[in-house]
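Asks: turn this into a structure:
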Amino acid sequence: MRTRSKYIFAAIIVLALAIVGVSLLLNQNKAPAIAGGGLTVDKPGNVNIRILSAIPVEPWVRESADKYNAENHKVNNAIVHVEIVTMDGLIALSQWDKDAFGTLPADADPLNLTADQKKSLENFPTAWIADSRYLVELANVPYKSRLGRDVFLTDGEYRARPLAISPMVWGIYKTRSDVLLKKYSTINWKTIHDAALAKGGWAELGGDPSWGFFKPVIPNPQKNIGGLEAMVSAAGEYFNTTRIDAASIGDKDFQAWLLELMKSVTGLGVSSYTAEDFALFGYSVGDGGLLLESDLLQNMQGMLNRWADNMVITYPDFLTWHDFPYAVWVGPETTALQKNAAIDFEQYLLAAPQQTRALVYGLRPANPAVKVDAIPESLFVQWKDQGVQAVIDRTTSMKSPDRDVLTNLLRWYELNVQ
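Replies: Next up is the predicted model:
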């Protein structure tokens, strides 16, 4: 009797455990999956991510995205589809600054959004490929004030990481470059400054009087991030340092020197010039200027086709560059699955095959295992006789300035040059 009672008791326990197990399993299947750090979503068979891409790197990124999508990559068993949205870096910065993409209200519960709130987030960017880390730093400013935190990180899994590098270089027509080198021995910011201020123009510099005055092109920092990088580079050379602080920007002598330089620039009020402008319009654009290396390399053939005088590339002593950081949005406006999908696409772009493909677009790989002359189609191979260097070994790289320096430079430009 006692033994029979034991069996009955054991059977009751087993039945109870089975009921609990089935109940948990059914509830788990009914419950939505919670994406940590993001919105509550059902487990999807597909996940879409939206990437804002800077214009100079967009052709390479879009080609890579098309290939990635065709290969049906999966994250957490969901097929990832990447949408590339081309957007100028300064326009994107303005959109972030105005919160035009529409972040959630501070009191919104990401787990219980209204239908309208969910719909408003359908096109929210999952990640941003900016022209430069400068832009990412500036984009964080309003959100730091509004939310008390950065929305693009500098460390951790979601930190902004460079995808490719393209320095700002001097591109000057060879006929003009030869004259400047004969007079000044080198091409640097002092050379550009002094040549631009020569009252006798090219005749005083030793060139053809019919050339008129030396016309340098430097991007307008309000229209092209290269203009901000140019001012940082000029400050580095002026103070002979790789690190610029707010006190340097406030130096009166430096401001007077920089003002002379910036006021001498061709068409500064409208200048967001690229190398394509030189390829299309030749000397009417200017005699040369500070241009993005990848942009210059992509337009070398066009200049050679239209004008007998091709450009010579010279690297500034104090180098600044576009590093095209891949910055993942860390707020609750995107799901954890979307964030992880964005990281997967980032790793795809940084892998050797896509980094090698970047050479065709004149971009220096961020992956150190890929050399710039790795393939014959590399623009670094094609235009090596025009001065492009496979390894930049004679320049001093500028340290990334902090947000105060960047905002002070832009404010100085607005008040004194615009």
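Asks: low-confidence stretches in the chain?
Replies: Along the chain, the parts satisfying pLDDT under 70 run over 1-44, 266-273, 394.
Asks: okay, now the domains of it?
Replies: With domains defined by automatic domain parsing, the chain comprises 2-31, 40-163+324-350, 166-322+378-416.
Asks: go through the ones you listed and name the closest to L363.
Replies: Nearest to L363 among the domains of the chain is domain 166-322+378-416 (5.1 Å), distances taken as Cβ to Cβ. Just so you know, the C-beta spots here come from the backbone N, C-alpha and C atoms, and that holds for glycine as well.
Asks: what distance separates the start and the end of the closest one?
Replies: When the termini of domain 166-322+378-416 are compared using Cα to Cα, to the nearest Å, they are 29 Å apart.
Asks: hang on, isn't P110 packed against T103?
Replies: No: counting by Cβ atoms under 8 Å, P110 stays clear of T103, with 11.2 Å between them.
Asks: returning to that earlier point: a markdown table for the domains of the chain, including distance to V370?
Replies: Shown next, in a markdown table, are these (distance: least, Cβ to Cβ, whole Å):
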| stretch | distance to V370 |
| --- | --- |
| domain 2-31 | 45 |
| domain 40-163+324-350 | 10 |
| domain 166-322+378-416 | 10 |
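Asks: now these as CSV including mean neighbour count and distance to T356?
Replies: Converted to CSV, the domains of the chain look like this (neighbours: other Cβ atoms under 10 Å; distance: least, Cβ to Cβ, whole Å):
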stretch, mean neighbour count, distance to T356
domain 2-31, 9, 45
domain 40-163+324-350, 18, 11
domain 166-322+378-416, 19, 9
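Asks: K263 touches Y413, doesn't it?
Replies: No: K263 is beyond contact range of Y413, at 11.2 Å (criterion: Cβ under 8 Å).
Asks: and the helices in the stretch 151-300 of the chain?
Replies: Using DSSP state H, counting those that start in this stretch, the helices of the stretch 151-300 of the chain run over 174-184, 189-196, 201-205, 225-239, 246-249, 252-263, 275-281, 293-306.
Asks: quick one: contacts of the third one?
Replies: In this case it means helix 201-205. Helix 201-205 is contacted by residues 176, 179-180, 183, 195, 198, 208-209, 211-214 when judged by Cβ atoms under 8 Å, 6 or more residues apart in numbering.
Asks: before we move on, what about the shortest one?
Replies: Outside of helix 246-249, the residues that reach it under the criterion Cβ under 8 Å, 6+ apart are 235, 239, 241, 254-255, 404-405, 408-409, 412.
Asks: how does it look with 7 Å?
Replies: Identification of contacts with helix 246-249 by Cβ atoms under 7 Å, 6 or more residues apart in numbering yields 235, 239, 254, 404-405, 408-409, 412.
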